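Enquirer: Sequence and predicted structure, then a few things I'm wondering about:
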There are 2 protein chains.
Amino acid sequence: MEGEPGRAVEARPHTVRLGVARYHDIAEAIRGAITRGLYARGSQLPSERVLSEEFAVAPGTIRQALGELETEGVLASRRGSRRTVIGEPRSAVTFEEFRSFAQWASSRGRVPAGQVISGVWQNASPLDREALRLPIAARVFCVVRVRLLDGDAIMVERTRYRDSVGAEVERIPSDCPSVTAWLAATAKITFSRAEHQFSACPAGAEDARLLDVRRGSPMLMHKRMSFSRDGVPLEWSVDRYVADTISLVVDNSLNANALRWK
Amino acid sequence: MEGEPGRAVEARPHTVRLGVARYHDIAEAIRGAITRGLYARGSQLPSERVLSEEFAVAPGTIRQALGELETEGVLASRRGSRRTVIGEPRSAVTFEEFRSFAQWASSRGRVPAGQVISGVWQNASPLDREALRLPIAARVFCVVRVRLLDGDAIMVERTRYRDSVGAEVERIPSDCPSVTAWLAATAKITFSRAEHQFSACPAGAEDARLLDVRRGSPMLMHKRMSFSRDGVPLEWSVDRYVADTISLVVDNSLNANALRWK
DNA sequence: GAGTGGTCTAGACCACTCC
DNA sequence: GAGTGGTCTAGACCACTCG
């Protein structure tokens, strides 16, 4: 293992280090130990009591660290039996990466780009009003973008923003690679929760023209609604990807679920 | 609220009731209070201290209950500020529902059915060996099934089982609606983790014939790998759904992710 | 029966938010 | 400055698993 067990925690017993929690440190240490092969897949982890002595922390702190790893699907536990090592920790996608095309692409070492096809204000349709919980006669800002990956057009994005957000989006330069990043930096608008729906559909006429595929060819459709921290819906969007350019990976266990792109 | 705060917990301070944990009870009570409109969307929940007095439990127990609700995306919290109510709790899909077509359909009040097209033993291909972590010269049991929803054929499932599981699957009656349920009940084989990948693809010749769609028409492709509790891969499968018959819903927040079908 | 994880108690200090 | 959530301590009993 690692983590300097005999670190002499000093008299002050529960000082939280600035920025990083101790339990997260411990999770990181165990994660690293698994990656380095110290714990083989299928083997058993030391007990919570033993770990709490090794890391010189209270049992509850160890429990928090192990909880983090179980959520990631790296460990599995059962009452009365020792925790078993499930496998290599995966680089789970962060929320930002999953929500933002640009941030996902960058984190994978690929070059994202975007091109705005149109951006207009419209009266909110019944669909808009339901999705964004708007009153009658509200307006929405509608943007159609083509997204490029390493220079290839692979996706059409049709987004509808509520007015407060739309007013900011309207000012964004049309070649800005990441709307999400721009909104966060300039307008302090951040998305804290999103709901995604995936299905397949045939390419429409506009899709075919913008992405250079045949009409009716298969596309992965991704509907998305994003919310502020207070649960206010900020935007909803329908993205259509050319088949075989991208896929969504979902990892689920009895305890929790994790997402990542591939 | 509810939960009979003055329930007279008695001298024994930490007796866990059989089956249900107290923190889960409390989460359920708060969930119910939100559903019944006692806490409006966007409003603030009472503080942890107050709740711990109302429910007559230690603060840690309240914290566990609130954690459950935050994972579901019902609540959001921020240091120094009170927890805000995000919205109606969703009926998050259980792991079993997400993995099993039959269980998902049943839970939605729809009638699932399955028909085995073929079931044969084959030598494991390189793909099989990688997915199931098998040695050279291992055998896999390959099954092709058509899945029906309310009488309509909507999906072709091509599954490959490692030998120990295949031997059991071979004995399952061909009209059995739920392979998962049969395996759990009869052979005590349960899946505890799965990895899913979604993308779009055109219908192949066999898909077209079995599902009565045109070749090349759009399909939602779902690759799936299932593992035992100890991390041993038990099966992998490629399912292809007719477009617009089904879609996957993923909910993700800064803290956690939840899944459900729609 | 020894050991393990799951649950729970009853406190504490700190970082942060809001007034 | 008062109050809140985030983290941590140092114990406890119970249900369960395994040898």
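Expert: Perfect, thanks for sending it.

Enquirer: Look up how far A:Leu69 lies from A:Ser77.
Expert: Per C-beta to C-beta, to the nearest Å, A:Ser77 is found 10 Å from A:Leu69. All C-beta spots, glycine's among them, are computed from the backbone N, C-alpha and C.

Enquirer: try A:Ile62
Expert: Using C-beta to C-beta, one gets 11 Å for the distance from A:Ile62 to A:Leu69.

Enquirer: again with A:Glu157
Expert: Distance, A:Glu157 to A:Leu69, by C-beta to C-beta: 35 Å.

Enquirer: Next: A:Ser247.
Expert: 26 Å.

Enquirer: When those two are compared, which one has more neighbours?
Expert: The neighbour comparison of A:Ser247 against A:Leu69 (other C-beta atoms under 10 Å in any protein chain shown) goes to A:Leu69, with 23 against 18.

Enquirer: pLDDT score assigned to A:Arg129?
Expert: A:Arg129 carries a pLDDT score of 95 in this model.

Enquirer: Next up, the contacts around it.
Expert: A:135-136, A:138 (C-beta atoms under 8 Å, 6 or more residues apart in numbering or on different chains).

Enquirer: ok, so of these, who is nearest B:Ala205?
Expert: When the contacts of A:Arg129 are compared for distance to B:Ala205 (C-beta to C-beta), A:Ala138 wins out at 49.1 Å.

Enquirer: and that closest one, how many residues sit next to it?
Expert: There are 14 residues near A:Ala138, going by other C-beta under 10 Å.

Enquirer: cool, A:Lys223 as well?
Expert: 16.

Enquirer: Now the spatially closest residue to it that is not a sequence neighbour, what are its backbone angles?
Expert: Distance criterion C-beta to C-beta, 6 or more residues apart in numbering or on different chains; nearest residue to A:Lys223, sequence neighbours excluded, is A:Gln197 at 4.3 Å. When quoted as degrees, to the nearest 10, the phi and psi of A:Gln197 stand at phi -130, psi 130.

Enquirer: Was I right to think A:Gln197 contacts A:Trp236?
Expert: No - with contact defined as C-beta atoms under 8 Å, A:Gln197 does not reach A:Trp236; the gap is 10.5 Å.

Enquirer: Of those two, which one has the most company?
Expert: Ranked by neighbour count (other C-beta under 10 Å), A:Gln197 and A:Trp236 place A:Trp236 first, with 22 against 16.

Enquirer: so who does A:Ser118 touch?
Expert: A:142-144.

Enquirer: Neighbour-wise, which one of these leads?
Expert: In terms of neighbours by other C-beta under 10 Å, the contacts of A:Ser118 top out with A:Val143 at 23 neighbours.

Enquirer: other SSEs contacting the host helix or strand of it?
Expert: Using DSSP states H and E, A:Val143 sits within strand A:139-149. If contacts are counted by 3 or more C-beta pairs under 8 Å, 6 or more residues apart in numbering or on different chains; DSSP states H and E, strand A:139-149 sits against strand A:112-123, strand A:152-162, helix A:163-169.

Enquirer: Report the strands that pair with it, each with its relative direction.
Expert: If you go by DSSP bridges, strand A:139-149 pairs up with strand A:112-123 (antiparallel), strand A:152-162 (antiparallel).
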